[in-house]
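Q: give me coordinates for this.
(chains A, B, C and D)
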4 protein chains.
Amino acid sequence: MVSGRNEKIAGKLRLGMVGGGKDAFIGGVHRIAARIDGEFELVAGALSSTPERALESGRALGLDEKRIYGSFQEMASREARRKDGIDAVAIVTPNHMHYPAAREFLKRGIHVICDKPLTSTMADAKKLQKLAHDSDALFILTHNYTGYPMIRQAREMIARGDLGTIRVIQAEYAQDWLTEAVEETGSKQASWRTDPAQSGAGGALGDIGTHAYNLLSFVTGLELSELSADLQSFVKGRRLDDNAHVMMRFSSGARGMLWASQVSPGNENGLRLRIYGDKGGLEWGQEDPNYLWFTPFGEPKRLITRNGAGAGAAAGRVSRVPPGHPEGYLEGFATIYAEAARAIRAKQDKKSVDKDVIFPTVDDGVAGIAFVEACVKSAKKNGAWVKP
Amino acid sequence: MVSGRNEKIAGKLRLGMVGGGKDAFIGGVHRIAARIDGEFELVAGALSSTPERALESGRALGLDEKRIYGSFQEMASREARRKDGIDAVAIVTPNHMHYPAAREFLKRGIHVICDKPLTSTMADAKKLQKLAHDSDALFILTHNYTGYPMIRQAREMIARGDLGTIRVIQAEYAQDWLTEAVEETGSKQASWRTDPAQSGAGGALGDIGTHAYNLLSFVTGLELSELSADLQSFVKGRRLDDNAHVMMRFSSGARGMLWASQVSPGNENGLRLRIYGDKGGLEWGQEDPNYLWFTPFGEPKRLITRNGAGAGAAAGRVSRVPPGHPEGYLEGFATIYAEAARAIRAKQDKKSVDKDVIFPTVDDGVAGIAFVEACVKSAKKNGAWVKP
Amino acid sequence: MVSGRNEKIAGKLRLGMVGGGKDAFIGGVHRIAARIDGEFELVAGALSSTPERALESGRALGLDEKRIYGSFQEMASREARRKDGIDAVAIVTPNHMHYPAAREFLKRGIHVICDKPLTSTMADAKKLQKLAHDSDALFILTHNYTGYPMIRQAREMIARGDLGTIRVIQAEYAQDWLTEAVEETGSKQASWRTDPAQSGAGGALGDIGTHAYNLLSFVTGLELSELSADLQSFVKGRRLDDNAHVMMRFSSGARGMLWASQVSPGNENGLRLRIYGDKGGLEWGQEDPNYLWFTPFGEPKRLITRNGAGAGAAAGRVSRVPPGHPEGYLEGFATIYAEAARAIRAKQDKKSVDKDVIFPTVDDGVAGIAFVEACVKSAKKNGAWVKP
Amino acid sequence: MVSGRNEKIAGKLRLGMVGGGKDAFIGGVHRIAARIDGEFELVAGALSSTPERALESGRALGLDEKRIYGSFQEMASREARRKDGIDAVAIVTPNHMHYPAAREFLKRGIHVICDKPLTSTMADAKKLQKLAHDSDALFILTHNYTGYPMIRQAREMIARGDLGTIRVIQAEYAQDWLTEAVEETGSKQASWRTDPAQSGAGGALGDIGTHAYNLLSFVTGLELSELSADLQSFVKGRRLDDNAHVMMRFSSGARGMLWASQVSPGNENGLRLRIYGDKGGLEWGQEDPNYLWFTPFGEPKRLITRNGAGAGAAAGRVSRVPPGHPEGYLEGFATIYAEAARAIRAKQDKKSVDKDVIFPTVDDGVAGIAFVEACVKSAKKNGAWVKP
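A: Residues are numbered from 1 along each chain as shown, chains lettered A, B, ... in the order given. Prediction:
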């Protein structure tokens, strides 16, 4: 089954990276994800805004020194002129740099794979959306959790009506790593995530709430019509929310709740989704991603496993190994890269991409920023219902 | 350990019952609960408002025919005059009859053990509260989940500061038995629970939401200052909510969410409580009640088990068997009866009851009704924050 | 559903007890179990071999002092002569006293409810078997785990072929309370269980291995043809096995393993049964007894819950409360008492007992002793295959 | 944390592959594992014993046609002469070809990464062992489960005495994919695994039992002194065992049981290890590999998570992402490749490899074959105890 997947056919796609130098977290994740299915080769980088750190990081990754750049502007312009220039760039900086970096590459026709949330402001998001729509280059947003096979399975089941009409959605994303004020004790990760200038208006909301919101949208296809939010910064001195409570109403009549927290001890990376319709219910948790609970109303609960009995085509096409051989976070992330590769190759071959290929786009990113801004607006108006 | 507990010392307490005839659910539960620790003997009943059914039900339970009554009024007045009259009465009718029934017994000095929610209206709740405060008889409300050992354990841990300052509470109570309109197809259980005249203003809210609210209050001791609610009746024609979303703010600054649903397939009796403070977190679920997850921030998660290593005195005094020998719903319910027995005997002996004895009171019942009414009011005002 | 069960119809059955005084464990369990379904009333006892302790224990339980006896011989002869003498006796002494005590009651036609294992020697077991077969009184052995609803469910499923032909059985019963030499530091429970004179030839084997063996036999109906055992006493100075490994061959061709241990830290009361046939598999664990995992080969795993969708009649008739309201160890134990009551009443009414009524008998007890003795014999012969 | 790991420093190591063409399973796994940490580049292959298939498979992987070979002999001799010849070869054929293939590379000084079990016969195993010991090239056996971080954690904890003296080991590896005779209906995977000529003397024993045995040895460091086995082929016509029961005695006095099965419905890839000492117990399961249960005797159970609080250095050095971001089967497998790369680079640099670098060797492979052969011998002697 492994060999039946799309291990690279011809040459690999050439990848550049903006951000992701030493001490970064998500850059390393992107690099592994890009490697897993053998579709990309990292060949260039502007890995840090500090030139020495950029150089050091690039060398550590074995990049050709000529392709270690001091700035993304330089990288974009030089790579665009090379015959063997990068096909795509991964942008893994703090949020506020996503827009300016993406702009440089999109306008040169270089495909962009960008970390989430899309931007730190709606103004940037809108500009980036226009740019992406106008560009011939692809824009892929790494809402990586959409790459999990059992999330694809859930989406497929809901689309074909296994749950009937959706009524209730319970989404949550709980962590505990910001329980104390680590942003004041040298954690770079915590520092930019709690800084409105770098993160945007949302703290936990932007960092993880957008994942939960994206995921529920991806799985159900429902349109959020309005929300009511209660945000809190529990840690003294923290400038952004570290706990968010949101009630949601969907245009279909479904209702939901969303909880995002980074101050809940015992939760490492607790992204969970529970969806209930008039014919059945689904439950999934990111920390045990190979399992999907499905209860057809009036029947025993069933445990559907990745690639196991009961899992369908949508999950199968993004699985790599047999059931019982757990795939994890990196494989789910890699699926975004694999889907990106399929789309990029189709583009390069001037073919239309297979309709099964799915990845989050700039529009999903705008929806995420709209969600964050609506939450912040609602919270400021003491929980008034706000349209996103 | 079993033998060290308070199996009855002298004679058993004499118990009567109002409601709980054939086809009722909770009456049978009360009877088992009353028997488990050997403290009560059922000797009288007004088991149904239909005389023949009352008689038939009383006979089936082996009651002396003289003490099978056609109405609770008759039972109250006759039993009060008997030398061997009942010490206490269990009221297990639909909600709207709690107040009139309780009144008859309280005013005659007969102790009342009453099912939840307290009443169907706040007016009745207030009157009952006054009556109970003025009476020398005890009023015990069977918020039975407070009888679970690991809930006592959680309360003890929070009281002594194991979690630090509480920040976030996630409470939920999800079921699926009202996913379809079973109230229209002959289910007596469903029929009265979805009838405002018998249930009160809350559907899922009153039936199970009050349990979740009571439990979080019991465990944390926090005072709810305001709430915002979004209620829904998903099943066509249903007159009361079958799904409720509530955001909560506590006077301490803590925040919470509460979800009550009876239309979520795959949830049998999913009462769950998660509580997070600045020093640690606790998680508990009613369907696996012998386990309590505790995470001191920065340490591995620990699984505290009933009567196991790490469980303390508060849990131990209401446990019957060693760890690994699961106790369940009926034992938790029986603990309310056992606590009631201790309080009643102390009363009879004109002693003060041991301070460890804990049971939900009329005041907890009033708080529950206030919670329901505040939710309904908030929902009518489109989620405005309302003080309960 | 609760009210539909057989709460007592007429008067309760009168129960006596041998053993079960202060500091005993299992006596208290029997008393609760006898009370839960309201079928028995404890009226007499020979609760300890020490007269003062017997008296003190009897008083603590509120027995009439005339029916607190200093010896089981006295109790048997006196109760047999009373008009209101006991209908049945519960024998809850250390194993070596089961036979002499049971003899006194059986020969007087008093029904016996006896704790397991049957006896401490095969000689006693055979004598008791003959006595029980010859007596008109019933002999019920409290292999209590057969009372769990999901065990009844498993038995029903296997009997009707849901698993096809059984191939593999994995049975285990692991505990940790004898990890250290607590028998040397005053634990009465540990002391008699590790004493061959009181326990018999098996330590962990007799105390818990017999439960596991009884349970697999009960559920599968398979006949054990031979076994190979490796026994160990890990704790220095311990005279009986505290860990047992057994390989089993069944006459049908099925194979199995059984592990019994009381020295495995982290196991509180880990009785687990896994059974695999050519059409499906079942898995059950005593600590979470309301769940039964069923995998029809080639389909997703299903979680069958007590009284939930997918549970059948055999489980339903021994359930008390709806799904999601967990029943536990005491309810499973109570089911043995409830079944005993049905059988005793049928006997008293000179009717044949309903065929659905199931309880372990003296023959199951003899099979248990044969299992223990075969294991001990095999172990002495360095694991030679031995017929039980 | 990701970036702190050893992403490639200079050029990648050049890798060849023997076996692993179309329809193979494990070859694809090896290729992903080799890519994850960026240490290897696949540049040559003899991917099938059928020349056309070899060519087709090599092209599908984008290999230079000159380096797609029709036989491993050809590949070994040509690559050894190239300046840019392969540094290492991955051997992923059926078991009986491991030895002849490995021989060709080892004798030319090319490092060998070989799938398990080592060989199909002990004769081959011994010859391979000698070759490997005599060669300057490294021999790495992909007992991939030793690459799981929580397995490293368990090993570290046992080595430092957290469990005290080990007493009991329960190892099992259960699957269900051979429940029916799929080897007769065209499954190539099933076909060679059930053929003694290709697999060797063990069926389930060789395929998965060796993993379980290797893992318990790796984690505990204990030496097996003798074993008693009962083997069975449940599926009609199957020539090798599909279910194996083994009792084990270790030279330290510890005892164990091992169960390997490929006919147990509901088990996808159920490799589980439970280890108990006089101070504590550990439990781990491959399907949920990021969790390790640890119970210090007399304390609550603790859930240690990969990279979470309580996990130590041994697990940390082979983790890639933070706790709560699950790593799976491919990452564990990749760790074997990463360790191989560290050892190969040290060899190339004529340095001694860091002592933390761990991988299974030819000696572990010989131990595995000895285990299989001892089981088969014991089973033939009706379970007699046999020294491996």
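Q: checking my notes, residue A:28 in a helix, right?
A: Yes - under DSSP: H, G, I helix; E, B strand; the rest coil, residue A:28 sits within a helix.
Q: quick check, the host helix or strand of residue A:342 touching chain D?
A: Taking DSSP states H and E as the definition, one finds residue A:342 inside helix A:329-348. Yes - using C-beta under 8 Å from any C-beta of the partner chain, helix A:329-348 reaches chain D at A:329, A:330, A:331. Any C-beta I mention is one placed from the backbone N, CA and C, and that applies to glycine too.
Q: spell out which parts of chain A neighbour chain C.
A: So far as C-beta under 8 Å from any C-beta goes, chain A lies against chain C at A:294, A:298, A:299, A:300, A:301, A:302, A:303, A:304, A:305, A:308, A:309, A:310.
Q: redo the residues you listed as CSV? Include neighbour count, distance to chain D and pLDDT.
A: Output for the residues of chain A next to chain C, formatted as CSV (neighbours: other C-beta atoms under 10 Å in any protein chain shown; distance: C-beta to the nearest C-beta, whole Å; pLDDT from 0 to 100):
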residue, neighbour count, distance to chain D, pLDDT
A:294, 23, 16, 98
A:298, 14, 23, 97
A:299, 15, 18, 98
A:300, 19, 14, 98
A:301, 24, 14, 97
A:302, 20, 12, 98
A:303, 19, 10, 98
A:304, 24, 12, 98
A:305, 24, 6, 98
A:308, 21, 6, 95
A:309, 20, 9, 91
A:310, 18, 12, 92
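Q: would a markdown table of those residues with secondary structure be doable?
A: As requested, the residues of chain A next to chain C are exported to a markdown table (three-state DSSP):
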| residue | secondary structure |
| --- | --- |
| A:294 | strand |
| A:298 | coil |
| A:299 | coil |
| A:300 | coil |
| A:301 | strand |
| A:302 | strand |
| A:303 | strand |
| A:304 | strand |
| A:305 | strand |
| A:308 | coil |
| A:309 | coil |
| A:310 | coil |
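Q: what subset of the residues you listed is also close to chain B?
A: Okay, of the residues of chain A next to chain C touching chain B (C-beta under 8 Å from any C-beta), that's A:294, A:301.
Q: distance from the helix holding residue A:342 to the middle of the chain?
A: 13 Å (C-alpha atoms, centre = their mean, to the nearest Å).
Q: residue closest to the middle of chain A?
A: In chain A, the C-alpha nearest the mean C-alpha coordinate belongs to residue A:143, at 1.5 Å (C-alpha atoms, centre = their mean).
Q: from the chain's centre, how far out does stretch A:29-49 sit?
A: For stretch A:29-49 - counting by C-alpha atoms, centre = their mean - the centre lies 16 Å from the chain centre.
Q: so what does the residue nearest to the centre of chain A have for phi and psi?
A: Here is the backbone geometry of residue A:143 (degrees, to the nearest 10): phi -80, psi 80.
Q: so which residue of the stretch 51-200 of chain A comes closest to chain C?
A: As assessed by C-beta to the nearest C-beta, chain C sits closest to residue A:153 within the stretch 51-200 of chain A, at 11.2 Å.
Q: pretty sure residue A:198 sits in a helix.
A: Yes - counting by three-state DSSP, residue A:198 is found in a helix.
Q: model confidence for it, exactly?
A: Note on residue A:198: pLDDT of 90.
Q: which residues does it contact?
A: A:94, A:95, A:96, A:120, A:192 (C-beta atoms under 8 Å, 6 or more residues apart in numbering or on different chains).
Q: and if you look at residue A:179?
A: A:235, A:262, A:263, A:264, A:265, B:278, B:297.
Q: which bits of the stretch 101-250 of chain A sit near chain D?
A: By C-beta under 8 Å from any C-beta, the residues of the stretch 101-250 of chain A that approach chain D are residue A:175.
Q: quick one on the thing from earlier: now, of the contacts of residue A:179, which are buried?
A: A:235, A:262, A:263, A:264, A:265, B:278, B:297 (16 or more other C-beta atoms under 10 Å in any protein chain shown).
Q: which non-adjacent residue is nearest the fourth one?
A: Right, residue A:264. Once flanking residues are discounted, residue A:264 sits nearest to residue B:276: 4.1 Å by C-beta to C-beta, 6 or more residues apart in numbering or on different chains.
Q: how about the first one?
A: Nearest residue to residue A:235, sequence neighbours excluded (C-beta to C-beta, 6+ apart): residue A:181, at 5.1 Å.
Q: give me the number of residues near that neighbour?
A: Counted by other C-beta atoms under 10 Å in any protein chain shown, the residues lying close to residue A:181 total 15.
Q: go on, the one 4 residues further on?
A: Residue crowding around residue A:185 was assessed by other C-beta under 10 Å; the count is 9.
Q: strands of the stretch 201-350 of chain A, residue ranges please.
A: A:224-232, A:243-250, A:255-261, A:270-277, A:280-285, A:291-296, A:301-305 (DSSP state E, counting those that start in this stretch).
Q: which parts of chain A are helices?
A: A:26-36, A:51-60, A:72-81, A:98-106, A:122-134, A:149-159, A:188-193, A:196-199, A:204, A:210-220, A:313-316, A:329-348, A:362-380 (DSSP state H).
Q: deepest of these, which one?
A: Sort the helices of chain A by mean neighbour count, taking mean count of other C-beta atoms under 10 Å in any protein chain shown, and helix A:204 sits at the top with a mean of 28.
Q: so for that helix, what's the average pLDDT?
A: Helix A:204 comes out with an average pLDDT of 97.
Q: other residues contacting that helix?
A: By C-beta under 8 Å, 6+ apart, helix A:204 touches A:173, A:175, A:178, A:240, A:241, A:242, A:243, A:244, A:260, A:261, A:262.
Q: I figured the third one was touching residue A:241, is that so?
A: The reference is to residue A:178. No - using C-beta atoms under 8 Å, residue A:178 is not in contact with residue A:241; the gap is 10.4 Å.
Q: how distant is stretch A:159-179 from the center of its chain?
A: That offset, for stretch A:159-179, works out to 16 Å (C-alpha atoms, centre = their mean).
Q: now swap in stretch A:17-24 and tell me
A: Between the centre of stretch A:17-24 and the centre of its chain there are 17 Å (C-alpha atoms, centre = their mean).
Q: contacts for that stretch next, please.
A: Contact partners of stretch A:17-24, identified using C-beta under 8 Å, 6+ apart, comprise A:26-28, A:30-31, A:42, A:44-48, A:50, A:53-54, A:56-57, A:60, A:72, A:75, A:89-94, A:97, A:101, A:188, D:3-4.
Q: from the chain's centroid, how far away is stretch A:261-278?
A: 16 Å.
Q: now do the end-to-end distance for that stretch.
A: Length of stretch A:261-278, first residue to last, C-alpha to C-alpha, to the nearest Å: 30 Å.
Q: do stretch A:321-333 as well
A: OK, stretch A:321-333 end separation, C-alpha to C-alpha: 15 Å.
Q: report the spatially closest residue to the residue sitting furthest away from the middle of chain A, excluding sequence-adjacent ones.
A: Residue farthest from the centre of chain A, counting by C-alpha atoms, centre = their mean, is residue A:298 at 35.2 Å. In this structure, residue A:298 finds its nearest non-sequential neighbour in residue C:309, 5.4 Å apart by C-beta to C-beta, 6+ apart.
Q: so residue A:294 touches residue A:284, yeah?
A: No - judged on C-beta under 8 Å, residue A:294 makes no contact with residue A:284 at a distance of 9.7 Å.
Q: which residues are in contact with each of these two?
A: By C-beta under 8 Å, 6+ apart, no residue touches both residue A:294 and residue A:284.
Q: residue contacts, residue A:176?
A: Contacts of residue A:176 (C-beta under 8 Å, 6+ apart): A:262, A:263, A:264, A:265, A:266, A:267, A:268, B:276, B:281, B:295, B:297.
Q: could you report the pLDDT at it?
A: pLDDT recorded at residue A:176 is 98.
Q: which residues touch the closest residue to it other than its chain neighbours?
A: Distances taken as C-beta to C-beta, 6+ apart put residue A:265 closest to residue A:176, at 4.6 Å, once the chain neighbours are dropped. Residue A:265 sits next to A:176, A:179, B:276, B:277, B:279, B:280, B:281, B:295, B:296, B:297 when contact means C-beta under 8 Å, 6+ apart.
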